[in-house]
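# Sequence first, predicted model second:
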Amino acid sequence: MLDTRTRREAAYGAMPDASGLNFYDADPNLARALRLRLEPDVFAHVEPILREAGEVAGGELDRLAREAERNPPRLITFNARGERVDEVEYHPSYRAMERVAFGRFALAAMSHRPVLGFRAPAPHAFKYALSYVLVQSEFGLFCPVNMTDSLARVLRLFGDERQRHVHVARLTETELDRLYQGAMFMTEKAGGSDVGASESVARPVDGGWELWGEKWFCSNVSADLILTLARPEGAPPGTKGLGLFLVPKRLPDGTRNRYRIERLKDKLGTRDMATGEVTYAGAFAEQVGELSRGFVQMMVMVNSSRLSNAMRAAALTRRAYLEALVAARGRMAFGAPLADLPLMRETLVELLLDSESALAAVLHAGAVFDRADAGDAEAGRLLRVLTPLAKFSLCKRARWSTGEAMEARGGNGYIEEWVNPRLLRDAHLGSIWEGSSNVIALDVLRAIERDDGDTALFADIEGRLARLRDPLVRRAGALASGALTRLRALVARLKAVDRPEQEAAMWRLCERLARLWAASLLLEEADAEAGERANGSYRKLVVAVEYLRRRLLVPEGEVWLGPRPAAGQWFDAVVDCAPVPAEAVMPLLEALAEEAP
C-alpha cells in the first residue's frame, strides 16, 4: 500500500510526502484497535465515515490547513465609523475547515444528540478516532471544536433548564449560520496554573451578573458563548470562592456584550486559530450551577479538554510517523532506500511504538469515558487518573516524535513548505494547554491521594493481563505483570514519604505509569489479533514486546545487543500491518526473560 506509492514517487525526485493518501486506509492499525473497542454493528456503521474522513484529511483538509496557517486571523477593533466592534476576521480556508469539522462530521454535536446516522449520541471511542484522523492534517481548529463540545457537556450537567435547552441546541448545531461556538476563558496574569489567584470579579445585577477583570489566554476568542470563572464580591479566596459564569458574545438586543478583545496572540503554533487577551468591562453573564462549586464544575470542561489534547497529540504522532515512513521508503541513500538502513529503521520503529501506544491509550480512555457517563463509579474513578496520565505522557512524547520525524526527512523537514514544522510547533502546545506537564503530574498525585486512582489503574491493568488467552501473549504478559508488581511497590513507597519528595518524583512516576498502561493495552490488542481464526498473527505482539523492552524493561540509555524483530527481518511486515508468525517474537521474549529484573 504505502510501499507501492512511495516507490513510484521515488522516480520524481525521491521527495515523497503523505499528502494525497487516505489517512484511514493508510492506517490498518486504527481499524483493528477500534474494532476491539466497538460493537461489530457500530464498527460497520462508522468505518465508511472514517474512510471518508481519511480521504478528506489527506486531501482537502490538508490543503486548507496549509493555506489557513499562511493567512492567520486578524482583529478588527474599530469599524469605519470609529465604533468599537472587536471582530475577528478569518481567512476563507479556515471557514471551510469549520464546515468540515462542525458540519460535515458533526464533531461538536455527536456526544449530545444523534448525528451521522446514529440513533443516539456516538461512542467517545469513535469520536476520538474520527478526530484523530482529521487532526493529522489540522490541529488548531480542534480547540474550538473541543471547547464547543465540552461547553455543551457542562451546560447539560450543571445548567438550568433554559441553558440546557436553548444554548446546548445552538452549540450542537451542524449548520454554521446557526452554530454557537464555545470557549473557556480561565487564565489571568495573576492566576495561570494557580487558578485560585484569579482576580476577576462578579457583581450581581438584575437578571444575572456583571464581570470585571482581565483574561490573559483566550483561545477561540471570537466564540459565541464563553465559560469563565470570576469571584463574586465577598466570596472567600482560592478556588473555593470562584463562581462559574456563561458570557454571551451578543446581548438579547443584538448588541455586543461589554468585553474587549485587546489583541490577538502571536503564537508559535495553531496560527490559524485566534487566541487573544480579553477585558471584562461589566460584561453580562449568567450563573452556571452552584455558585460555590464554580471551579469544580469548570474542571469538567478542563478534563474533557485534557483528553482532547491527548487525542490530538496521538494524531500528531501518527502523522509524524507516517511522514517519516513515506520519506524513508521513497528516499535513496548509499544505493538503498533510507528505510533499509539499520539506524533509520530504529527511528521508524520508535515512532511506530509511540503512535500505536498513543492510539491505544486514547481509544481505551474513550471507552472508559462512556462507562463513566453511564454511571459506572469504578470507571469514573479510573477516568479520573487516566485523563491527566494520558495528557501528560502523550503530549510530552509527541514533542519528541515530531522532532524525530522532522530529522528523518532531513533538510526538507525544516522547510515550511513541508508539514513537519507545523507538526512540531503544534505538538509543543499540547503540553501547555489545560495545564503544563508539572501541573498535570501533580493532578495524577491528587488522583492517587483523593480518589485512590492508583488502585483503580492497577486493577484495570491487572485485569487486562489476566484476561490474555494466547500462550505466547501470556508469556509477554508475565513480563508486564512483573513490571506491575515493581510499580505497585514503588507507589506504596511514594505514599510513605513527605510531600516535597512525592512531588519531585511525579514526573518520572507518571511516565512509568503511562507506559505500563500502554503496554497492557498493546498486549490486549496482540491477544485479539493472535486469536483471529482466519487471520491470526503475532504482528501486534512484536509491537507490544518491543514496547516493553524499549519503554519498561531495559533501562533507557543501555545498549541493547539482543534481537530486534520490528527493526530487523520483520520490519516491512510490522510497518505494513502484514501477518507475522510466532517465531518472529520468540527470540526477543526469551532474551527479555533472561534480562528482565
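Good, I have the coordinates.

# Which pLDDT value belongs to residue 197?
What the model reports as pLDDT for residue 197 is 87.

# How many neighbouring residues does residue 205 have?
11 (other CB atoms under 10 Å). Glycine gets a C-beta too; all of them are placed from N, C-alpha and C.

# what's the domain layout of this structure?
For the chain, automatic domain parsing gives the domain ranges 182-293, 453-595.

# will you turn those into TSV that also has distance to residue 359?
Shown next, in TSV, are those (distance: least, CB to CB, whole Å):
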stretch	distance to residue 359
domain 182-293	22
domain 453-595	9
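
# Residue 26 is nearest to which of those domains?
Checking these against residue 26 by CB to CB gives domain 453-595 as the closest, at 10.1 Å.

# any idea which helix or strand comes after the longest helix seen in the chain?
Using DSSP state H, we find that the single longest helix of the chain is helix 294-330. Counting by DSSP states H and E, the next helix or strand C-terminal to helix 294-330 is strand 332-333.

# looking only at pLDDT, what's the mean for that following strand?
84.

# Which neighbouring elements make contact with whichever helix or strand comes after it?
Reading on from strand 332-333 to the C-terminus, the next helix or strand found by DSSP H and E is strand 336-337. Applying 3 or more CB pairs under 8 Å, 6 or more residues apart in numbering; DSSP states H and E, one finds that strand 336-337 contacts helix 294-330.

# Now do the buried residues in the helix it packs on.
294-295, 297-330 (16 or more other CB atoms under 10 Å).

# How about stretch 249-260?
So for stretch 249-260, counting by 16+ other CB under 10 Å, buried means 249, 256-260.

# Starting from residue 466, give me the distance back to residue 473.
Using CB to CB, to the nearest Å, one gets 12 Å for the distance from residue 473 to residue 466.

# ok, those two, which is more surrounded?
Ranked by neighbour count (other CB under 10 Å), residue 473 and residue 466 place residue 473 first, with 27 against 10.

# Run through the stretch 101-250 of the chain and note the low-pLDDT ranges.
Within the stretch 101-250 of the chain, no range satisfies pLDDT under 70.

# what do you get for the chain?
In the chain (pLDDT under 70), the answer is 1-13, 596-597.

# give me that answer again for 80
The chain contains residues with pLDDT under 80 at 1-14, 191-193, 533-535, 595-597.

# Excluding covalently adjacent residues, which one is nearest to residue 173?
In space, and not counting its chain neighbours, residue 173 is closest to residue 179: 4.2 Å by CB to CB, 6 or more residues apart in numbering.

# what secondary structure does the one you found sit in?
Three-state assignment for residue 179 (DSSP: H, G, I helix; E, B strand; the rest coil): coil.

# ok, back up a step: out of the domains of the chain, flag the one nearest residue 45.
domain 453-595 (20.2 Å).

# Please compute how far that closest one lies from its chain's middle.
22 Å (CA atoms, centre = their mean, to the nearest Å).

# how far does it stretch from start to finish?
31 Å (CA to CA, to the nearest Å).

# Stretch 196-210 now?
For stretch 196-210, the first-to-last residue distance is 20 Å (CA to CA).

# which parts of it are buried?
198, 200-202, 209-210.

# so how far is it from its chain's centroid?
33 Å.

# if we look at it, which residues are touching it?
Under the criterion CB atoms under 8 Å, 6 or more residues apart in numbering, residues 186, 188, 190-191, 211-215, 228-233, 237-243, 245, 258, 280, 282-287, 295 lie in contact with stretch 196-210.

# cutoff 6 Å now
For stretch 196-210, contacts defined as CB atoms under 6 Å, 6 or more residues apart in numbering pick out 188, 190-191, 211-213, 229-233, 238-239, 243, 282, 284-286.

# Just the buried subset of those residues, please.
Buried members of the contacts of stretch 196-210, scored by 16+ other CB under 10 Å, are 188, 191, 211-213, 229-232, 239, 243, 284-286.

# Go ahead and confirm residue 297 touches residue 156.
No - counting by CB atoms under 6 Å, residue 297 stays clear of residue 156, with 11.8 Å between them.

# For the helix or strand hosting residue 519, name the packing helices and strands.
Assessed by DSSP H and E, residue 519 sits inside helix 499-530. Helix 499-530 sits against helix 342-373, helix 377-408, helix 437-451, helix 453-466, helix 471-496, helix 539-548, with contacts defined as 3 or more CB pairs under 6 Å, 6 or more residues apart in numbering; DSSP states H and E.

# which one of those is the most hemmed in?
Comparing the helices and strands packed on helix 499-530 by mean neighbour count (mean count of other CB atoms under 10 Å), helix 539-548 comes out on top with a mean of 28.

# For stretch 387-394, output the C-alpha coordinates as PDB.
Extracted C-alpha coordinates of stretch 387-394, given in PDB (Å, rounded to 0.1, in the frame of the first residue of the first chain):
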ATOM      1  CA  THR A 387      -7.200  11.700  32.000                       C
ATOM      2  CA  PRO A 388      -4.100  13.500  33.400                       C
ATOM      3  CA  LEU A 389      -1.900  10.500  32.700                       C
ATOM      4  CA  ALA A 390      -2.800  10.500  29.000                       C
ATOM      5  CA  LYS A 391      -2.500  14.200  28.700                       C
ATOM      6  CA  PHE A 392       0.900  14.200  30.500                       C
ATOM      7  CA  SER A 393       2.500  11.300  28.600                       C
ATOM      8  CA  LEU A 394       1.100  11.600  25.100                       C
END
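
# That's all I had, so thanks and see you.
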